[in-house]
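**Q** sequence unknown, structure follows:
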C-alpha cells in the first residue's frame, strides 16, 4: 500500500489539504499527516517516497499515484528552496508527525533537555550566553542574560511564559512551529524552566490560531510526564494585538485588560503575578534544544553576522511568488530573499517595497535591498527585523495609504495607557488624510485659543513637518513598541516614496 | 440545563486557576455567543472582582461582546500581507454577498501570509481567495 504524506498545518488545510488527504484515503493509500515543509506556494504538497507533488488537488490523485503528474517537483529534500537553508529550529519541518512522541524521540527529541538536566542551571545559562541567542520576538535581547537574571532572582515562585501572540502581519513561524513541532517548544520551555527554577509555564497563543491552540494543548498533555515537575498550560488571547508586548501579555494572563506596564520593574524580576518570569518568543525557546545539544552552542554561535548569531526563520509573505519559511544564518540580503529565493512578486509586476518586521516595521525600497539581515544593520538603516516577516508589495501599492494604515492600526490596537500612542495615532490618521487629499485645514486649529497653531492656510510642507514632529513624539514618548515603532512604516514610506503623498 | 446552571458549571470548571478571567470569558462566549451583563455579575462575584473590572476586560478585547449577534461570521484578513495580495478589492463583493444575513468581520492576520487573501469561518481557514471563492464562502456561511 502506498503511503502519502500531507501536511496538517493550518495553511495546508486552508489550501485544501484535508480534501486531498481524503481523496488519497479513498484511493486506498495510507495517509500520514505531517508538518509543513514551508514551501507555501506548493501547498497542499504531497510526498510519496520522498518525491513531491504540488500544489495538488483531488483531481491530481490518479496522476500522482501513477507517477505521471505534471505537479511533480522531484525530490522534496533536494528542492532548491530548501537546499539554500540551514534549518535548526525547523529541522523537523515536513519530516515528522507533529503529535508523534515516537517521531520526536527518533529525531533527537528530548536530547537537549536530557543534557540540560545533566549539566545543571549554571552551565545551561553559560551555554545559552555563549550561543549568542537573542530574543526572536523582535527586541533582540540576549536570551542567556534574561535567564541569568531570573535565575539569580530570589522568589518562592518563578514562571516561564512563551509569547505565542504572533500578531504581526507577514509572520507565521510561531504558528508553524506550534502546529508542526510542538514538542520542540515544550522542550525549550522545560530547558528554560530548569535553568531558572520555574515549576509552571504558560503558552499564550492568539485566538486567531485555533489549530495551534489545539496542537499545543494536545502536545502538553502528551509531554507532561517528560517535563514533570514543570506544568505547562496553554492560554488563549482574545484578539488584542498589543498583548504581544510582554507586559501586556502578562496582564492578560493575569486576567486583566492587556495594558502595557511601565518598565522597570523588568518582568525578569517582577513579571507574572509579581514573580520573576522568563518571557520569550516561541522561536527563542524552540532554539534552546539545539543549543543545549552536544556542541550546539558553539555551532549556533559560529553562524550568523555581526552580533546577530545563529539562524533566523525568515518568513516570505505578501505578493511573492515563492513564499514560505526560510531559515538561514543572519546576514542574507533582501535582494537574495525577495528576488532569488522568492522569485519576485506573485503578480509578476515589479517590486515597489517590502515591509520587514510586521506592521511596526519600516518599508524598504529595492535600492536598499543590499541590507544584510542583522539586528544592528537594520537599526542603522532606521528599520527593524522584528519577528522576521518580509511582506512584498508590487508597483501598484500606494505608500501614503500604507502609512495611513499603520496609524489606523495603531489607533485600533493601542492599549490606551500612554498618550502619544492613544491620541497620536488618531491625529496621524487625520494628518495623513489631509496630506493625501489636500483638504481644508482642521477646524479646531483655527480656533482662537489654539495659540500655537499657524494662522492662515497650512500647506503640504507644514503638514509633513507636523507629521514628522508627531512621529518623533510617538517614537520617544510611547511606553511600548506599538506607539514607539508605528513611526517606522510611516516615516519610511514618506522618506522613500514622497511622490505618493499628495 | 438552563443558562445559569451552565454558567455556574463554567465558573466551577476554572475554580482555583490563577488568572481565570480570560479562560472563563472564552468559555462563556463559546456557550452563549456573548457575555451578557447578568453573566458578568456572576463572574465578578465568583472571582472576587468588581463588575466594573470584568466589564473593563470585556471592553478591552476584540473577541468579547456583551450582546449576541446570531449572524454567521466570516472574518476577512485585512492586514498588510493580504492587502499586498489584493484583499481590499474583494471587500465590496463580500459585503454585497453578505447582505444582512452574514457578518463580514475584520481580522488582522491569520498567519497564512504567503497565500492570501485569507478568511476564517469558525475554526476553518480558507486561503487563495478570489472574488468568486469568497462570495461562495459567504453564501455558504
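**A** Received, thanks. Please read all numbers here as calculations on a predicted model, not as lab measurements.
**Q** got the contact list for residue 75?
**A** Let's take chain A. Neighbouring residues of residue A:75 by Cβ atoms under 8 Å, 6 or more residues apart in numbering or on different chains: A:50, A:51, A:52. (C-beta placed from N, C-alpha, C; glycine too.)
**Q** other chain: chain B
**A** Residues in contact with residue B:75, defined by Cβ under 8 Å, 6+ apart, are B:105, B:106, B:107, B:110, B:119, B:120, B:121.
**Q** please repeat the previous calculation with a cut-off of 7 Å.
**A** Contacts for residue B:75 (Cβ atoms under 7 Å, 6 or more residues apart in numbering or on different chains) come out as B:105, B:107, B:119, B:120.
**Q** with secondary structure added, can I get the contacts of residue A:75 in TSV?
**A** Converted to TSV, the contacts of residue A:75 look like this (DSSP: H, G, I helix; E, B strand; the rest coil):
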residue	secondary structure
A:50	coil
A:51	strand
A:52	strand
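**Q** of the residues you listed, closest to residue B:133?
**A** residue A:52 (25.0 Å; Cβ to Cβ).
**Q** hmm, back to that, among the contacts of residue A:75, name the buried ones.
**A** The neighbour count (16 or more other Cβ atoms under 10 Å in any protein chain shown) marks residue A:52 as buried among the contacts of residue A:75.
**Q** quick one: the contacts of residue A:75 as JSON lines, columns for pLDDT too.
**A** Converted to JSON lines, the contacts of residue A:75 look like this (pLDDT from 0 to 100):
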{"residue": "A:50", "pLDDT": "95"}
{"residue": "A:51", "pLDDT": "96"}
{"residue": "A:52", "pLDDT": "97"}
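**Q** burial count for residue A:454?
**A** A count of nearby residues for residue A:454, using other Cβ atoms under 10 Å in any protein chain shown, gives 12.
**Q** tell me the secondary structure for it?
**A** Taking three-state DSSP, the label given to residue A:454 is coil.
**Q** near the residue nearest to it when sequence neighbours are not counted, how many other residues are there?
**A** Nearest non-adjacent residue to residue A:454, counting by Cβ to Cβ, 6 or more residues apart in numbering or on different chains: residue A:462, 6.4 Å away. When neighbours are defined as other Cβ under 10 Å, residue A:462 has 13 of them.
**Q** and residue A:462, that one's in a helix?
**A** Yes. Residue A:462 forms part of a helix when assessed by three-state DSSP.
**Q** with neighbour count and distance to chain A added, can I get the contacts of residue B:75 in a markdown table?
**A** Below are those laid out as a markdown table (neighbours: other Cβ atoms under 10 Å in any protein chain shown; distance: Cβ to the nearest Cβ, whole Å):
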| residue | neighbour count | distance to chain A |
| --- | --- | --- |
| B:105 | 15 | 10 |
| B:107 | 20 | 6 |
| B:119 | 29 | 9 |
| B:120 | 21 | 7 |
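**Q** nearest to chain B among the contacts of residue A:75?
**A** residue A:52 (17.1 Å; Cβ to the nearest Cβ).
**Q** list the contacts of the closest one.
**A** A:45, A:46, A:73, A:74, A:76.
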